[in-house]
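S.K.: Quick one: sequence and predicted model below, then my questions.
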Amino acid sequence: MTPAGAMAIPFLLAGLPAAAVPVQDETGTRVERRLDDGSTEVFHELAREGLVVRHGSYELRYPDGSRAATGEYEDGLRKGAWKTWFRSGVRESTGRYRRGRRQGDWTFWFDVELEAKEREGGYDEGRKDG
């Protein structure tokens with residue numbers, strides 16, 4: 001369904017499969033796409049120098065609607081805080097990206113109810129640091 005004031009864009013123009021639902025809004029084109037495994041991703045994209053890139057908030061949901069991942073893109077690269085969850089709803093990881101690479105401290109959890117940490121570590125420009 002297209003929100004009031006938004007314009008539906010033909011999916012072929014955006015280069016997306018028929019399952020994608022692009023909608024133009026104030027932050028670019030908002031795309032909601034169902035993946036082959038039944039999960040859904042929602043993101044924004046912009047046209048930059050003839051290319052269409054992800055830009056803005058990103059969300060991935062499991063087929064049951066629970067969160068799988070949240071984060072942000074800038075000019076097609078992951079940036080800022082990202083979080084992932086196991087299908088059970090338990091946190092899987094938290095950390096930050098800079099220019100599409102892991103940066104700084106990251107925490108990873110086991111898939112258990114207690115959310116016990118599996119490991120922690122730092123990254124510098126996508127390489128494990130420490």
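M.R.: Arrived safely. Numbers count the residues shown, from 1 in each chain.

S.K.: Where does pLDDT dip in this structure?
M.R.: 1-27, 112-121, 123, 125-126, 129-130 (pLDDT under 70).

S.K.: rerun that using 50 as the cut-off
M.R.: 1-19 (pLDDT under 50).

S.K.: Helices along that one, start to end?
M.R.: Here the chain has its helices, by DSSP state H, at 11-14.

S.K.: show me where it has strands.
M.R.: Using DSSP state E, the strands of the chain run over 7-8, 20-25, 28-34, 40-48, 51-61, 67-74, 77-85, 91-98, 101-109, 117-124, 127-129.

S.K.: I'd like these written out as CSV, with mean neighbour count added.
M.R.: All C-beta spots, glycine's among them, are computed from the backbone N, C-alpha and C. Output for these, formatted as CSV (neighbours: other C-beta atoms under 10 Å):
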stretch, mean neighbour count
strand 7-8, 12
strand 20-25, 17
strand 28-34, 18
strand 40-48, 17
strand 51-61, 17
strand 67-74, 17
strand 77-85, 16
strand 91-98, 18
strand 101-109, 17
strand 117-124, 13
strand 127-129, 11
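
S.K.: Would you check that residue 106 makes contact with residue 95?
M.R.: Yes: in this structure residue 106 lies within contact range of residue 95 using C-beta atoms under 8 Å: 3.4 Å.

S.K.: show me the contacts for residue 100.
M.R.: 76, 77, 78, 79, 126 (C-beta atoms under 8 Å, 6 or more residues apart in numbering).

S.K.: Any chance of TSV for the residues you listed, columns distance to residue 110?
M.R.: Formatted as TSV, the contacts of residue 100 follow (distance: C-beta to C-beta, whole Å):
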residue	distance to residue 110
76	32
77	29
78	24
79	27
126	24
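
S.K.: Out of the residues you listed, which is nearest to residue 68?
M.R.: Checking these against residue 68 with C-beta to C-beta, the nearest one is residue 78 at 14.7 Å.

S.K.: What residues are bridge-paired with the nearest residue to the closest one once chain neighbours are set aside?
M.R.: If the residues on either side of it in the chain are set aside, residue 78 comes closest to residue 97, at 3.9 Å by C-beta to C-beta, 6 or more residues apart in numbering. Beta-bridge partners for residue 97, by DSSP bridges, are residue 80, residue 102.
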